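1. Please work out how this folds:
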Amino acid sequence: MSSLTASATGRALLKGSRSVLTTPVWHRTSLRGMVTATQGAKAQHVETPAEHATAMGKALLNKTVSIYRWDPENPTEKPRMQEYVVDLNNCGPMMLDALIKIKNEIDPTLTFRRSCREGICGSCAMNINGANTLACLCKIERTESKQDKIYPLPHMYVIKDLVPDMTYFYKQYKSIQPYLQYKTPPPADSENLQSIAERKKLDGLYECILCACCSTSCPSYWWNQDEYLGPAVLLQSYRWMADSRDQFGPERRAKLQNPFSVYRCHTIMNCTRTCPKGLNPGLAIAEIKKLMAAE
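-> Just a heads-up that it's a prediction; the model follows:
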């Protein structure tokens, strides 16, 4: 049977069916090619911010974000502020969303730290509109007329763009030995228990995520960073002093008995105002001073 006869027979068998294909095979093939070509043309079209806003039924809302830039590969070039325009109708609500959008869609050379996007890790700490905060918790003000300015954490060496060098900060944190220490180890066959009241003393201390927002907002830390431990590290230090399971409280405080480690705190309280977790490092430092005065 010829191919032409076979095609005719196939059409006769399917006659009366709702799925009858009366278009010749060669023509159907060419139509598929036309459809594929049309889809390819559509895929190449990139929606503009104005088209996206129209499709969403919203007015175009562009926000200018000015960001601190410095590249260590070009050390002779001075730091500068670079402006980017972000379509807020096609962006998440937080500053970190805007930074990610800029890096992904506008300028892949922009460098910053980020991880959890939920205010847990502390990676995206930076200075936004004059205040230290976490970019993932800082909402974008939906006002075109107001330009947002983003800098790295102040009074820290900058590795690149919005990335501060945290080496010395973590060295200070390590110096307080942030772990439980025992003179008499607890029994190996039982847990090291706390009462509810003892555990409650750690509230407002253990939540610190070491983002350094508080320390880098403290003028005393700016000018005495080599010797003053700063609000974040001192809050962590008190966290272990307040822990009923730790047996090295006096030894911890003895290390702070000098004019700089803790007594450079002048209760300016920038630390408490800027903490993105709502903690009170100033109060923790005051508690350390009271314990040291009583010994």
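
2. Hmm, residue 220 and residue 265 touching each other?
-> Yes - look at residue 265 against residue 220 with Cβ atoms under 8 Å: they come within range, at 6.2 Å. C-beta: built from backbone N, CA, C; applies to glycine.

3. Which one's more surrounded, those two?
-> Neighbours per residue, other Cβ atoms under 10 Å: of residue 265 and residue 220, the larger number sits with residue 265, 24 against 20.

4. The closest residue to the more buried one other than its chain neighbours: how many residues sit nearby?
-> Distance criterion Cβ to Cβ, 6 or more residues apart in numbering; nearest residue to residue 265, sequence neighbours excluded, is residue 285 at 4.8 Å. Neighbourhood size, residue 285 [other Cβ under 10 Å]: 23.

5. same deal with the one 3 residues further on?
-> Applying the criterion other Cβ under 10 Å, we find 23 residues in the vicinity of residue 288.

6. Wait, a helix at it?
-> Yes - under DSSP: H, G, I helix; E, B strand; the rest coil, residue 288 falls within a helix.

7. hang on, it packs against residue 240?
-> No - taking Cβ under 8 Å as the definition, residue 288 is not a contact partner of residue 240, at 10.9 Å.

8. so what's in contact with those two at the same time?
-> Applying Cβ atoms under 8 Å, 6 or more residues apart in numbering, one finds that no residue jointly contacts residue 288 and residue 240.

9. any idea how far residue 290 is from residue 255?
-> Distance from residue 255 to residue 290, counting by Cβ to Cβ, to the nearest Å: 17 Å.

10. Tell me which of these two has more neighbours.
-> Remark: of residue 255 and residue 290, residue 255 carries more neighbours, 15 against 9, as counted by other Cβ under 10 Å.

11. Disregarding residues adjacent in the polypeptide, which is nearest to the more buried one?
-> The spatial neighbour of residue 255 that comes closest, neighbours along the chain excluded (Cβ to Cβ, 6+ apart), is residue 261 at 7.2 Å.

12. Quick one: neighbours of that neighbour, just the number.
-> So residue 261, with other Cβ under 10 Å, has 22 neighbours.

13. How about the secondary structure of it?
-> Assignment for residue 261 (three-state DSSP): coil.
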